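> Build me a model:
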Amino acid sequence: MSGLCAEAIDERLRRTCRVADLGNRATAFYLADLHERGLHQALGFPSAVAYAVRALGMARRSARELLHAGLRLRELKAIDAAFAGSRLSWSRVRRVCEVATSQTENAWLERALGATQDELDRLVRRARPGDAPPDGSGMPHARFGLHFELDAVDWQMWENARAKLRAEFGDDAEFRDIDILKEMLRLVLASDAEGSVAGRRPVDGGPFRVVVRADELVTEDGEEPLAQATVESISSDAATPPAMRAKVLARDGHACLNCKSRRGLHAHHVHWRSKGGPTTPGNLVTLCARCHSLVHDGFLDVEVAQCATRGARPSFVFRDANGRRLERRAILGVRNLRVTIGS
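Have a look, this model is predicted:
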């Protein structure tokens, strides 16, 4: 309501900021729980971040920050308690979670309670994860900023490299961009123009190569049986002619239509090939390897939406294991926000 006195506006702003902080803490908690228990798969998504982006309409960076804070606060009990007691704002909690550990938690909590937000930001920038807060004595750690812009192609190269390194480190949710950059620098400096990086070899663009015969995988120890869902996934992609697969991937923007990942893309038969589904562009949809597995494991369902015009580009509907469409849904039982402007 407009027209309130300064004290009333101040009181309402403080309340709304606290409500927003509580919302962030709850979101961080449930994203961490979703990640730890793998329940995002039951909802039809390959990761908790992909769920937050697609189902909640959240920015990817915000989703990563909230997930990281939720995981760290499982260990940082004193900081979490200070937030619960309204002694710390969420912006301070999020920043402290970037560097504090169980050994340095109390020192960071004391510093966060006595510093302004700008001062705390400067302290965090000067520290590494696990460091105690800088005490101001001696010479501070030198820090250098890198700020640059990428065009669409270079940005996608960065995203692909990030996804690849994250996968190599077990999809660790706490593996940050700075950790990825450091690993890239280490790999470059560990080789020369005519040499190779120890433990790595050149690839032709694919993340890995496997040899499959019928329903068995060829390994060093002989042939191992594969799960039926895996056989379906492999045979579906293998049955698609390369030219048709390239056409389908280009149509779908070279991205999984469920989670938007650009790694490990497959051309999935919407009406399964094993059940008589045709190998045609209209029956093929681009999925990443993880979403493809969710389909064949029964956690994700995809169907072709009805097209209004014959021959039009097909659209697809994704549903979770309970048959609910994977999209942002209105929250039942919550009243709509009404803003009244007074005279």
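> Would you map the helices across the protein?
Here the chain has its helices, by DSSP state H, at 6-37, 48-55, 60-72, 77-84, 90-96, 105-114, 117-126, 152-168, 177-189, 228-238, 242-251, 289-296.
> Break this structure down into its domains, please.
Per automatic domain parsing, the structural domains of the chain span 6-126, 152-189, 227-320.
> Return the member of those having the minimum mean pLDDT.
Among these, domain 152-189 carries the lowest mean pLDDT, a mean of 76.
> how about Ala163, what does it touch?
261-263 (Cβ atoms under 8 Å, 6 or more residues apart in numbering). In short, each C-beta sits where N, CA and C put it, glycine included.
> Return the closest of these with respect to Arg15.
Ser261 (39.5 Å; Cβ to Cβ).
> okay, now the closest one: neighbour count?
21 (other Cβ atoms under 10 Å).
> Does it touch His292 like I think?
No. If you go by Cβ atoms under 8 Å, Ser261 and His292 don't touch, sitting 10.8 Å apart.
> Counting neighbours, what do you get for the nearest residue to Thr101 once chain neighbours are set aside?
The shortest distance from Thr101 to any non-neighbouring residue, by Cβ to Cβ, 6 or more residues apart in numbering, is to Gly130 (5.1 Å). By other Cβ under 10 Å, the residues close to Gly130 number 11.
> Nearest to Trp272, out of the helices of the chain?
So among these, helix 228-238 is nearest, using Cβ to Cβ, at 6.7 Å.
> Tell me who's in contact with the residue lying closest to His271 once chain neighbours are set aside.
Distance criterion Cβ to Cβ, 6+ apart; nearest residue to His271, sequence neighbours excluded, is Gly277 at 3.3 Å. Contacts here follow Cβ under 8 Å, 6+ apart; on that basis Gly277 touches 269-271, 283.
> ok, now which ones touch the residue positioned nearest the centre of the chain?
Residue closest to the average C-alpha location in the chain (Cα atoms, centre = their mean): Val49, at 3.0 Å. Going by Cβ under 8 Å, 6+ apart, Val49 touches 60, 63-64, 67, 173.
> What separation do you get for Arg87 and Leu13?
19 Å (Cβ to Cβ, to the nearest Å).
> Look at those two and report which has more neighbours.
Arg87 (13 against 10).
> what separates the residue nearest to that one when sequence neighbours are not counted from Ser91, distance-wise?
Spatial nearest neighbour of Arg87, excluding adjacent residues (Cβ to Cβ, 6+ apart): Leu113 at 6.4 Å. Leu113 sits 14 Å away from Ser91, going by Cβ to Cβ.
> Please give me every residue in contact with Leu185.
Counted by Cβ under 8 Å, 6+ apart, Leu185 has zero contacts.
> cool, Cys288 as well?
46, 256, 258-259, 261-266.
> so how far is Ser91 from it?
Cys288 is 34 Å from Ser91, by Cβ to Cβ.
> Same question for Ala84.
16 Å.
> And these two? Which one has more around it.
Set Ala84 next to Ser91 and count neighbours by other Cβ under 10 Å: Ser91 wins out with 14 against 11.
> The more buried one and Asp118 touch, don't they?
No. Ser91 is beyond contact range of Asp118, at 11.0 Å (criterion: Cβ under 8 Å).
> Lys260 is in contact with Arg54, correct?
Yes. Shown here, Arg54 and Lys260 form a contact pair, counting by Cβ under 8 Å, at 7.4 Å.
> Give me the more crowded residue out of these two.
More crowded of Arg54 and Lys260, by other Cβ under 10 Å: Arg54, with 19 against 13.
> list the contacts for the more buried one?
Applying Cβ under 8 Å, 6+ apart, the residues near Arg54 are 45, 258-260, 326-327.
> Export the contacts of Val49 to TSV and append columns for neighbour count.
Output for the contacts of Val49, formatted as TSV (neighbours: other Cβ atoms under 10 Å):
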residue	neighbour count
Arg60	13
Ala63	20
Arg64	20
Leu67	23
Ala173	20
